[in-house]
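Asks: Pasting a predicted model and its sequence here:
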Amino acid sequence: MQGVSEASQRHGWAWIALTLALAVHVADEALTDFLSVYNPAVRAIRQRLPLLPLPTFTFMIWLTGLIALVLLLLVLSRLVFRGARPMVPLSYLLGGIMLANGLGHIAGSLYLKRLMPGVYSAPLLLVSSVYLMAQARRVAQTR
């Protein structure tokens with residue numbers, strides 16, 4: 001049982017690390033005017049694919065939603081530290097989404113040949129998401 005507890009502790013710290021990386025990423029996007037790129041892109045996509053339900057946001061709604069998400073993830077970290085079984089698949093899901101998010105910012109910057117909002121913190125998302133998924137795998141292997 002000691003191995004599960006130690007693995008759960010590492011998993012919990014990996015969850016916290018990704019949550020804090022996301023908080024930094026939200027600040028990066030807010031300070032570099034992410035919505036000035038996101039909202040026009042969504043409008044252009046909607047013109048080509050009208051059935052795709054992509055939302056546009058005002059700054060306060062967008063920021064409030066992301067702050068609420070970060071706070072929720074911090075609250076859920078208690079379950080990760082306790083070794084709650086549902087947190088392993090949630091870790092894979094969160095890690096995968098954040099990995100795609102970070103890669104998207106980097107790929108967008110390369111494609112457009114300019115630094116996109118959020119690209120400065122994208123490497124933090126990449127490293128912390130891979131770390132979270134690796135720790136989730138270790139927990140799953142100890143069960």
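Replies: Structure's in. What do you need? Numbering: from 1, shown residues only.

Asks: pull the longest helix from the protein.
Replies: In the chain, with assignment by DSSP state H, the single longest helix is helix 2-31.

Asks: list the buried ones in it?
Replies: For helix 2-31, the neighbour count (16 or more other Cβ atoms under 10 Å) marks 7-8, 10-19, 21-23, 25-26, 28-30 as buried. Where you see a C-beta, it was placed from the backbone N, CA and C, and this is true even at glycine.

Asks: pLDDT on it, on average?
Replies: Taken as a whole, helix 2-31 carries a mean pLDDT of 93.

Asks: which helices and strands sit right next to that helix?
Replies: For helix 2-31, the packing partners by 3 or more Cβ pairs under 8 Å, 6 or more residues apart in numbering; DSSP states H and E come out as helix 59-82, helix 87-112, helix 122-142.

Asks: Out of those helices, which one sits most buried?
Replies: helix 122-142 (a mean of 20; mean count of other Cβ atoms under 10 Å).

Asks: so that helix versus helix 87-112, what angle?
Replies: Here helix 122-142 points in a direction 150 degrees away from that of helix 87-112 (axes from the mean of the first three to the mean of the last three Cα atoms, to 10 degrees).

Asks: contacting residues around helix 122-142?
Replies: 3-4, 7-8, 10-11, 13-15, 17-18, 20-22, 24-25, 83, 87-88, 91-92, 94-96, 98-99, 101-103, 105-106 (Cβ atoms under 8 Å, 6 or more residues apart in numbering).

Asks: State the distance from the residue nearest the centre of the chain to residue 40.
Replies: Centroid-nearest residue in the chain: residue 98, 3.3 Å away (criterion: Cα atoms, centre = their mean). Using Cβ to Cβ, to the nearest Å, residue 98 is found at 24 Å from residue 40.

Asks: before we move on, what about residue 70?
Replies: 26 Å.

Asks: how would you label residue 54: helix, strand or coil?
Replies: Here residue 54 is recorded as coil under DSSP: H, G, I helix; E, B strand; the rest coil.

Asks: Please, which helix or strand holds the closest residue to it other than its chain neighbours?
Replies: Counting by Cβ to Cβ, 6 or more residues apart in numbering, residue 54 lies nearest to residue 42, which is 4.6 Å off, once chain neighbours are set aside. Assigned by DSSP states H and E, residue 42 belongs to helix 35-48.
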